[in-house]
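**Student:** Pasting the sequence and the predicted coordinates here, then a few questions.
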Amino acid sequence: MSILVDSRTKLCVSGITGREGTFHSLRNRDYGTNVVGGVTPGKGGQDVDGIPVFNTFHEAVERSGANTAMIFVPPRFAADSILEAEDAGIDLIVAITEGIPAHDELRVFNTIKKNGRARLIGPNCPGILSPGKANVGIIPAAFFSEGNVGVVSRSGTLTYQIGNVLARSGFGNSTIVGIGGDPVPGTDFIDVIAMFQEDPETELIVMCGEIGGDAEERAADFIAANVSKPVVAYIAGFTAPPGKTMGHAGAIVSGSQGTARAKAEALERKGVRVGRTPTQVAEAAASLLAAAA
Amino acid sequence: MDLLEYQGKQLFARHGVPVPDGRHATSVEEAVAASDEVGFPCVVKAQVQIGGRGKAGGIKLAKDRDEVREHAEAILGMDIRGLTVHELWIEGASEIASEYYASVVFDRSAKAPLLMLSTKGGMDIEEVAAEDPAAIARLHVDPLVGFQDFQGRRLAFEAGVDADVVRPVGAMLAKLYEVFLSEEATLVEVNPLIVTPSPGGDGGGRQVKALDAKVTLDDNALFRHPDNAQLRDISAEDPQERMAKERGLIYVKLDGDIGILGNGAGLVMSTLDVVAEAGGSPANFLDAGGGSKAEAITSAVEVILSNPSVKAVLFNIFGGITRCDEVARGLIEAFHQINPDVPFVVRLDGTNDEEGRRLLAEAKLPNVHTESTMDGAAQKVVELAAAAEVPAA
């Protein structure tokens, strides 16, 4: 088992004919992901290395049976593309695009929530990897192997760093989910942690947060009330000054809100182990799994 | 992007939010001419993006031209908590009966805009929120439905505004929401929102006005607002940060002496923390981005070294899309172009890391140390920075 993506995934890529879109679609297919199509308005009927291109998501769903979308179009077109995928009945939408306007994200989030049909991961995220099963996004799969650690993270490269330290300590992963660094993520820590709690393959959960917002604090409450599996957390940004956006649109300390210290303390108060460095996270994970064995 | 007060007020005026009549000035002569147009008494206000302007002497009342001249001369060039005043806003003085607070905030947690209104204006709203949270009336707007007039009335009643201004306060909230929505702001704040003691000359009742304006615009939406994209406040930008922005790099200047470069925002934040944990003090945040090419790396090294405090530099790269050999080539090119005089510690891991380390070893760059782990690299750079002599000024 794993969560969100696996051998049943039928992926359709919005923006498949763009340079990055083509590169990553083919990489995902090479990994074994079932890439059934792409969407580029006006290029319907063409193909990308054998992957059929459709004009609309509606056509793609009807003709290819796509159930998962990956969004690779530039920020000004991304909200429209996500809403098109949702309207066409796609179940899971993974939005890689960085730089989508905040008000667009608000509209997209609330529309998807109101309709209650689809799940959005991202935007501004590296995607989802279930090692040995499917890769939807830009996570470099070579660093990860199958295993029992579920990872959920707001950051891309930091996830690779932590995954790599875990791998060196002998751990593989059930699924790695990048939820993205934007102020309005479609899916939050809580949603993913709840899925890992239900997933029989996952024995330990690593959550990787950063400054800004209160998603980590809310996750701490949720874990205390609902999660029986061990959770190890990491928070980036202890040295971040207030009022400065640290790369991700969502990573900003506003006043006394959203500091790394406050998040780490909230998690520790609820019994979650917090590593101060990626190495400490791997060490904590190792000792917890050894204790559980 | 944070706007200056006058830029915010000009946006307000465009959307019908009542503001005092004002003029922009960048010299004493312009200030005097502006005061002739807005009339006396008037207020001379320093335009810098920082609180506490009044206490610092940056806001002065003037009853005639001579006083405008005197205040403008004093305020232009003044340093307010590290920011130099280059611009003034001259506006007609307002009579004040009450000071309220109003705002529209992008509430990330609720994923909806949050409206707030309080009769305790004119002071720090975070203090009010801490001491007397009930004094702030709040409600969320459904972004799919938009602001409804009843919401303005309800907030006005719940906040306890004077009965005769419930309607104009509600109307102002509607217009502030319009500013928030149509300009794609993430914050629209008015503190104080004032009530005048006597009716205006239009035959209506007492008036409400926005006496200050704090507006933050969404940088990601500026492509839809070309006029707003011009509203940069150059004086508030650090020269290194401006240089980085022009080169398309994400750079934040910090107080320490260890220059940092990494790929990906989370990894760079984590690198800063690991360096601090090792006893060092980072001089900057720099995200060279995914898929960094050699030219971007060369450019980034120039930005990092343009900060004279930097005594040592740490490269922390975990190659995913970014290829470590490209990073190594960029660093080698940078050394050829600028010949840095501070030590570098380079940690390359991930895609093509062996090739990258081989290139660096072959180039035999002076004073470049390679490390294979993030913790080891942080230790090394902290040692090197501590050992470095303070360069002569």
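**Tutor:** Now that the structure is in, tell me what you want to look at.

**Student:** give the contact list for B:Pro340.
**Tutor:** B:Pro340 makes contacts with B:Val301, B:Leu305, B:Val313, B:Ala334, B:Asn367, as judged by C-beta atoms under 8 Å, 6 or more residues apart in numbering or on different chains. (C-beta placed from N, C-alpha, C; glycine too.)

**Student:** which element is the third one on?
**Tutor:** B:Val313 belongs to strand B:312-319 when assigned by DSSP states H and E.

**Student:** Now the helix or strand that that strand is followed by: buried residues?
**Tutor:** Per DSSP H and E, strand B:312-319 leads on to helix B:324-338 as the next helix or strand towards the C-terminus. The neighbour-count check on helix B:324-338 (16 or more other C-beta atoms under 10 Å in any protein chain shown) flags B:Cys324, B:Asp325, B:Glu326, B:Val327, B:Ala328, B:Arg329, B:Gly330, B:Leu331, B:Ile332, B:Glu333, B:Ala334, B:Phe335 as buried.

**Student:** what does helix B:324-338 contact?
**Tutor:** With C-beta under 8 Å, 6+ apart as the test, helix B:324-338 has contacts from B:263, B:288, B:292-298, B:300-302, B:305, B:315, B:317, B:319, B:340, B:344, B:346, B:348-353, B:355-357, B:359-360, B:363, B:365-366, B:368.

**Student:** I'd assumed B:Tyr101 was in a helix, is it?
**Tutor:** No - if the criterion is DSSP: H, G, I helix; E, B strand; the rest coil, then B:Tyr101 is strand and not within a helix.

**Student:** Read off the pLDDT value for it.
**Tutor:** In this model, B:Tyr101 is scored at 96, pLDDT.

**Student:** is it in a bridge, and if so with what?
**Tutor:** B:Ser118 (DSSP bridges).

**Student:** related to what we said a few turns ago, want to try JSON lines for the buried residues of helix B:324-338, with pLDDT and distance to B:Gln148 as columns?
**Tutor:** As requested, the buried residues of helix B:324-338 are exported to JSON lines (pLDDT from 0 to 100; distance: C-beta to C-beta, whole Å):
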{"residue": "B:Cys324", "pLDDT": "88", "distance to B:Gln148": "55"}
{"residue": "B:Asp325", "pLDDT": "89", "distance to B:Gln148": "58"}
{"residue": "B:Glu326", "pLDDT": "87", "distance to B:Gln148": "54"}
{"residue": "B:Val327", "pLDDT": "87", "distance to B:Gln148": "53"}
{"residue": "B:Ala328", "pLDDT": "90", "distance to B:Gln148": "59"}
{"residue": "B:Arg329", "pLDDT": "90", "distance to B:Gln148": "58"}
{"residue": "B:Gly330", "pLDDT": "88", "distance to B:Gln148": "54"}
{"residue": "B:Leu331", "pLDDT": "88", "distance to B:Gln148": "57"}
{"residue": "B:Ile332", "pLDDT": "91", "distance to B:Gln148": "62"}
{"residue": "B:Glu333", "pLDDT": "88", "distance to B:Gln148": "59"}
{"residue": "B:Ala334", "pLDDT": "87", "distance to B:Gln148": "57"}
{"residue": "B:Phe335", "pLDDT": "87", "distance to B:Gln148": "62"}
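
**Student:** right, and the pair among these with maximum separation?
**Tutor:** The most widely separated members of the buried residues of helix B:324-338, counting by C-beta to C-beta, are B:Cys324 and B:Phe335 (16.6 Å).

**Student:** What count of nearby residues applies to A:Thr40?
**Tutor:** Per other C-beta atoms under 10 Å in any protein chain shown, the neighbour tally for A:Thr40 reads 19.

**Student:** isn't it right next to A:Cys12, touching?
**Tutor:** No - using C-beta atoms under 8 Å, A:Thr40 is not in contact with A:Cys12, being 11.1 Å away.

**Student:** top helix in chain B by residue count?
**Tutor:** Among the segments of chain B that qualify as a helix by DSSP state H, the longest is helix B:166-182.

**Student:** Tell me which residue of the stretch 201-350 of chain B lies closest to chain A.
**Tutor:** Going by C-beta to the nearest C-beta, chain A is nearest to B:Gly266 of the stretch 201-350 of chain B, at 2.2 Å.

**Student:** Quick check, pLDDT for that residue.
**Tutor:** Value listed for B:Gly266 in the pLDDT field: 92.

**Student:** Which phi and psi values does the closest residue to it other than its chain neighbours adopt?
**Tutor:** Sequence neighbours aside, A:Ser155 is the residue nearest to B:Gly266 in space, at 2.2 Å (criterion: C-beta to C-beta, 6 or more residues apart in numbering or on different chains). The phi/psi pair for A:Ser155 (degrees, to the nearest 10) reads phi -130, psi 150.

**Student:** Run a quick neighbour tally on A:Ser155.
**Tutor:** Counted with other C-beta under 10 Å, A:Ser155 comes out at 31.

**Student:** again with B:Tyr100
**Tutor:** Neighbours around B:Tyr100, by other C-beta under 10 Å: 26.

**Student:** hang on, A:Ala260 packs against A:Ile211?
**Tutor:** Yes - using C-beta under 8 Å, A:Ala260 makes contact with A:Ile211 at a distance of 5.3 Å.

**Student:** so where's the chain shaky on pLDDT?
**Tutor:** Reading this off chain A. Along chain A, the model assigns pLDDT under 70 to residues A:293.

**Student:** Can you look at chain B instead?
**Tutor:** B:200-203, B:233-237, B:290-292, B:389-393.

**Student:** just the helices in it please.
**Tutor:** Going by DSSP H, chain B shows helices at B:5-14, B:28-38, B:65-75, B:125-131, B:149-159, B:166-182, B:226-229, B:239-246, B:265-277, B:294-305, B:324-338, B:353-363, B:374-387.

**Student:** Single out the most deeply packed of the ones you listed.
**Tutor:** Among the helices of chain B, helix B:265-277 has the highest mean neighbour count (mean count of other C-beta atoms under 10 Å in any protein chain shown), at a mean of 27.

**Student:** mind listing what the residue lying closest to A:Gln257 once chain neighbours are set aside touches?
**Tutor:** Excluding the flanking residues, the one nearest A:Gln257 by C-beta to C-beta, 6+ apart is A:Asp214, at 7.3 Å. A:Asp214 sits next to A:Gln257, A:Gly258, B:Arg108, B:Ser109 when contact means C-beta under 8 Å, 6+ apart.

**Student:** ok, back up a step: neighbour count: A:Ala260 and A:Ile211, which is higher?
**Tutor:** The neighbour count for A:Ala260 versus A:Ile211, taken as other C-beta under 10 Å, is higher for A:Ile211 (30 against 24).

**Student:** Could you report the separation of that one from chain B?
**Tutor:** Counting by C-beta to the nearest C-beta, to the nearest Å, the separation of A:Ile211 from chain B is 7 Å.

**Student:** A:Pro241 is in contact with that residue, correct?
**Tutor:** No - between A:Ile211 and A:Pro241 there is no contact under C-beta under 8 Å: 10.1 Å.
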